[in-house]
Structures are given as C-alpha cells and as structure tokens.
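Visitor: Predicted coordinates and the sequence they were generated for:
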Amino acid sequence: QQHYMPYHHQQQHTQHQQQQQQGLTEENKTIWVGDLHYWMDGNYLNNCFAHTGEVISIKVIRNKQTGQSEGYGFVEFFSREAAEKVLQNYNGTAMPNTEQPFRLNWASFSMGERRSEAGSDHSIFVGDLSSDVTDTLLQETFASRYPSVKGAKVVIDANTGRSKGYGFVRFGDDNERSRAISEMNGAYCSNRPMRVGVATPRKSSGYQQQYSSQGG
C-alpha cells in the first residue's frame, strides 16, 4: 500500500515535454530519496540538505509494525527550482558517512492520494496550541508517529496575523487518524498539551461554536 512511486528522471533535454507529461507534478517540490540505510533518519537527511536553506519538511518512511525504516523517504523544498537543483547536484554523489551514492527522484503521488486529499474526511481538529506552533511543527508532531500524515494547517487570524490557537492535521489513512484522536489528546506540541478531536467542517462558523470554550 505504497502511495509513492519514484519518477524515472529523464535528463534535461526533454525538460519541456517532461513538464507536460507530468502535468500533475508541475508544482512538485518533493524529492524521493531511496537506498537509505536503516540508521538514516530525518535528522540525517536534514543534515544532507539543510544548507540549501530551502527544506520545508523531511520524512523517512517507516514500517507501521516494526518502526524500521523502509529505506526511502521524502524531502520537500520551498520551490521546484530548489528541488530540481538538489536532484541534479546530488543524484549519484556519495551520501555523507557512507560509500553509498544518493538515489534521488521526483516523488509522485498516486491518484488515490489525490482523491483523498479533496475530502476532509481524514482530518482532525487540534486545539489549545501555543502561539509559536507553525504548520511545520504541528505536522512534525504528528508525522513522527503517524506516517500517513499529509499536512497540517494552523488557523491564522486574518486581522492580527497571529495563530488562533487551533488547526487541522490531514491523514492519508483513516485508522491512523482515529488512533491519533485518542493517542495525541493531551500530548505536547511546543510547550502545551493539545486538545485533539474530530474535525467537523461544512458549516462556515461551525468551529468557533464548538470550540469557543477556550478561555483566555
């Protein structure tokens, strides 16, 4: 049940064609990294690419049962250009502390993935967030335990530009979503325990009414 397949990266000469063929990945800013040793974790990958200053998120895929690395992961960059540069400069060069060459490719997401993204059915609501919690921090807090996490969004007050203290986390897998609701309620994100519940969108102001009892 793997959602990701590496693209076979054709060299530059077909760039334009490539972008048309890959319509979907026009805005693809995520790179698939393969051939990872069991000890290479997110920190290791972060050290490989952090100096680009362009890394948004990093995820090493782990086996749900054993927690062992599956030997591949994903690195998301701020821009497609940055991802492309890394792809060209690193592919085939030796990985730090190993003889092993980097095996890199564009990440591609299967159609099933795109469909589930449209539905908000796999989202959860997260409240009581401290003001310093960003989308990335929220996502990492959950992604470290649930590999199917797709993204996270902290709701920002349009008037002040500050966090409203709640947000949403999207999952690709419904079982993980349910587990997260029970397991992560009261877990810490930054310096405060979170309140986790079912996301109930659909009504324009539904959220506020449901969660207005937040107290100063």
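Guide: Nice, thanks for sending it over. None of the values given here were measured: they were computed from a predicted structure.

Visitor: okay, CA-based contacts and neighbour counts for the rest of this
Guide: Noted.

Visitor: which ones are touching Phe74?
Guide: Contacts for Phe74 were tallied using C-alpha atoms under 8 Å, 6 or more residues apart in numbering; they are Thr30, Ile31, Trp32, Val33, Ile58, Lys59, Val60, Ile61, Ala107.

Visitor: How about it: what's its closest non-neighbour residue?
Guide: Trp32 (4.7 Å; C-alpha to C-alpha, 6 or more residues apart in numbering).

Visitor: remind me which residues of the chain are low pLDDT?
Guide: For the chain, the stretches with pLDDT under 70 are 1-27, 109-121, 201-216.

Visitor: Please parse it into its domains.
Guide: As assigned by automatic domain parsing, the chain contains the domains 4-109, 115-201.

Visitor: winner for burial among these?
Guide: Most buried of the domains of the chain by mean neighbour count (mean count of other C-alpha atoms under 10 Å) is domain 115-201; its value is a mean of 17.

Visitor: can you tell me the helix or strand for the nearest residue to Asp135 once chain neighbours are set aside?
Guide: Spatial nearest neighbour of Asp135, excluding adjacent residues (C-alpha to C-alpha, 6+ apart): Lys153 at 5.0 Å. Assessed by DSSP states H and E, Lys153 sits inside strand 149-156.

Visitor: neighbouring strands for whichever helix or strand comes after that strand, and are they parallel or not?
Guide: Scanning forward in sequence from strand 149-156 by DSSP H and E, the next helix or strand is strand 163-171. Note on strand 163-171: by DSSP bridges, its sheet partners are strand 123-127 (antiparallel), strand 149-156 (antiparallel).

Visitor: can you map out the strands along this protein?
Guide: When assigned using DSSP state E, the strands of the chain occupy the ranges 4-6, 30-34, 55-62, 69-77, 103-109, 123-127, 149-156, 163-171, 188-189, 192-193, 195-198.

Visitor: and these as TSV, adding distance to Arg177?
Guide: Output for the strands of the chain, formatted as TSV (distance: least, C-alpha to C-alpha, whole Å):
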stretch	distance to Arg177
strand 4-6	20
strand 30-34	23
strand 55-62	17
strand 69-77	21
strand 103-109	20
strand 123-127	7
strand 149-156	8
strand 163-171	6
strand 188-189	17
strand 192-193	18
strand 195-198	9
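
Visitor: Can you say which of the ones you listed is nearest to Phe142?
Guide: Using C-alpha to C-alpha as the measure, strand 149-156 is the one of the strands of the chain that comes nearest Phe142, at 6.9 Å.

Visitor: give me the beta-bridge partners of Val169?
Guide: Counting by DSSP bridges, Val169 is bridged to Ile124, Ala152.

Visitor: pretty sure it contacts Phe125?
Guide: Yes - using C-alpha atoms under 8 Å, Val169 is in contact with Phe125, at 6.8 Å.

Visitor: From the opening residue of stretch 32-52 to its closing one, how far?
Guide: 17 Å (C-alpha to C-alpha, to the nearest Å).
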